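Participant: I'll drop the sequence and a predicted model, then ask my questions.
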Amino acid sequence: MSKLSGIFFLVFSLVIFFNANQAQAQQEDIYMVSNVTVSASAKSAGDSKVVATNNARREAFTTLLSRLSVSTAVANDISADDISDMVRSEHIAEEKIAGNNYSATFNILFARNAVESLLKDKAVKKDVAAEDFYLVVPIKILKQKAKNDNQKFALWEEDNEWKIAVEKSLKAKGLKKLVIPENDISNVSIINQENVEKLEYSQLEPLFTRYKVMGVYLVFFYFDDIENKVSITVKNIRKLQKKQVKLSFVNINRLAYDALLGKVADKTIEYLISGQNDNGAKTANTVKFEVQINSFGNWTMMKNKIEGSNLISQLNIEAISKDYVKISVNYIGTDPDIVSAFAKAGLSLNKKTDNSYIVSQSTAQNLKSLGQ
């Protein structure tokens, strides 16, 4: 072999070796799911961590299935132990423990061979064209006549123009994977004024069976004619998973109300479609509170009141002093006016910035006088 051919053979071998390593690295990237943010609350911090870890692994596995062009419904039939066995390694960041609450961000790497073996055992077939069908329930939040009135909604009524706008958008886009359920006695008995804010998977399961869908999007619409903006709250409920995301649309072009409805409906549907392929997306409903206090007992009363409001899903303590406690919470209420929502729960909030509020001492004084 000549020197020139020897050099060529060496270079060619290096290229093959490099490409093989590059292909392997790309496969590794597919099986790495990053930035999975979860939180949980249980009887103890240890129990909360176990629940959060299992939720993170399941969410990451669902994302992996989507990447592999496998229906995410497969995850419903796989146990937490099976998913845990497929995890090669995981990195935990931004870990926070407050009382019995736990939250963290996970980066999870799955073992390719273990995943392929399990999918083979489950006789799962890859199908690039597979679609996940969902129900969409458009709900209009009605303006309250008085601050103390209970929140009212337009759901199945014919004058729910938000529902009409979403129907038109779905029809125009030719989307069959998103279905608006019929207005019949059976459906109204399942989703109605009394329970629409607190629905759980078990209550909606008859709908999933009837329509053969994976989950439901409850899409709350609220129009603030004073600030000229629309707030959308999307609740995604499916087996072993419940998420909430808030969207906001400012009417910069001063569109007429009907035109604004159509525009917001189109953008919301686009978000729902993209969201089905991005199961690891973070929610954007974190709010910061500066709770004014004058004693530890005072703080305990305030904390119990905030957690008992049914308006938050998580509470993290960020700083404590003798005069105040700084906390962050995940707001899960459907009323876009946070001040009004907490006022109904007996908490007085003063807005500092868009996502920051002061909980005044007047609330603490009222709680003390009531013996709470």
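Facilitator: Looks like it arrived, so ask away.
Participant: which stretches of the stretch 201-350 of the chain form helices?
Facilitator: Assigned by DSSP state H, counting those that start in this stretch, the stretch 201-350 of the chain shows helices spanning 201-211, 257-276, 296-307, 338-344.
Participant: max-length strand in the protein?
Facilitator: Counting by DSSP state E, the longest strand found in the chain is strand 87-98.
Participant: how near is residue 222 to residue 162?
Facilitator: 9 Å (C-beta to C-beta, to the nearest Å). C-beta coordinates here come from the backbone N, C-alpha and C atoms, glycine included.
Participant: Between these two, which contacts overlap?
Facilitator: By C-beta atoms under 8 Å, 6 or more residues apart in numbering, residue 222 and residue 162 have these common neighbours: residue 140.
Participant: Counting neighbours, go ahead and name the busier of these two.
Facilitator: Taking other C-beta atoms under 10 Å, residue 222 and residue 162 do not tie; residue 162 has more neighbours (24 against 19).
Participant: picking that back up, as a markdown table, the helices of the stretch 201-350 of the chain with mean pLDDT and mean neighbour count would be great.
Facilitator: Listed next are the helices of the stretch 201-350 of the chain as a markdown table, based on pLDDT from 0 to 100; neighbours: other C-beta atoms under 10 Å:
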| stretch | mean pLDDT | mean neighbour count |
| --- | --- | --- |
| helix 201-211 | 88 | 14 |
| helix 257-276 | 85 | 17 |
| helix 296-307 | 83 | 16 |
| helix 338-344 | 84 | 17 |
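Participant: distance between the ends of stretch 173-191?
Facilitator: 26 Å (C-alpha to C-alpha, to the nearest Å).
Participant: Any buried residues in it, and which?
Facilitator: Residues 178, 179, 181, 187, 190, 191 are the ones in stretch 173-191 that count as buried (16 or more other C-beta atoms under 10 Å).
Participant: Let's see which of the residues you listed end up in helices.
Facilitator: Cross-referencing those against helices under DSSP state H gives 187, 190.
Participant: want to try a markdown table for the buried residues of stretch 173-191, with distance to residue 149 as columns?
Facilitator: Listed next are the buried residues of stretch 173-191 as a markdown table, based on distance: C-beta to C-beta, whole Å:
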| residue | distance to residue 149 |
| --- | --- |
| 178 | 32 |
| 179 | 33 |
| 181 | 28 |
| 187 | 26 |
| 190 | 25 |
| 191 | 21 |
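Participant: Quick check: which ranges of this protein have low pLDDT?
Facilitator: The model of the chain has pLDDT under 70 over residues 1-28, 123-131, 145-148, 240, 252, 275-285, 313, 334-336, 354, 361-372.
Participant: Going by residue numbers, what spans are strands in it?
Facilitator: Here the chain has its strands, by DSSP E, at 32-41, 87-98, 101-110, 134-141, 153-154, 178-179, 215-224, 229-238, 241-250, 286-292, 312-320, 324-331, 349-353, 356-359.
Participant: list the buried ones in the last one?
Facilitator: For strand 356-359, burial by neighbour count (16+ other C-beta under 10 Å) applies to 357, 358, 359.
Participant: try the longest one
Facilitator: Within strand 87-98, the residues that qualify as buried are 87, 90, 98, counting by 16+ other C-beta under 10 Å.
Participant: Can you lay out those residues as JSON lines showing distance to residue 133?
Facilitator: Formatted as JSON lines, the buried residues of strand 87-98 follow (distance: C-beta to C-beta, whole Å):
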{"residue": "87", "distance to residue 133": "29"}
{"residue": "90", "distance to residue 133": "31"}
{"residue": "98", "distance to residue 133": "38"}
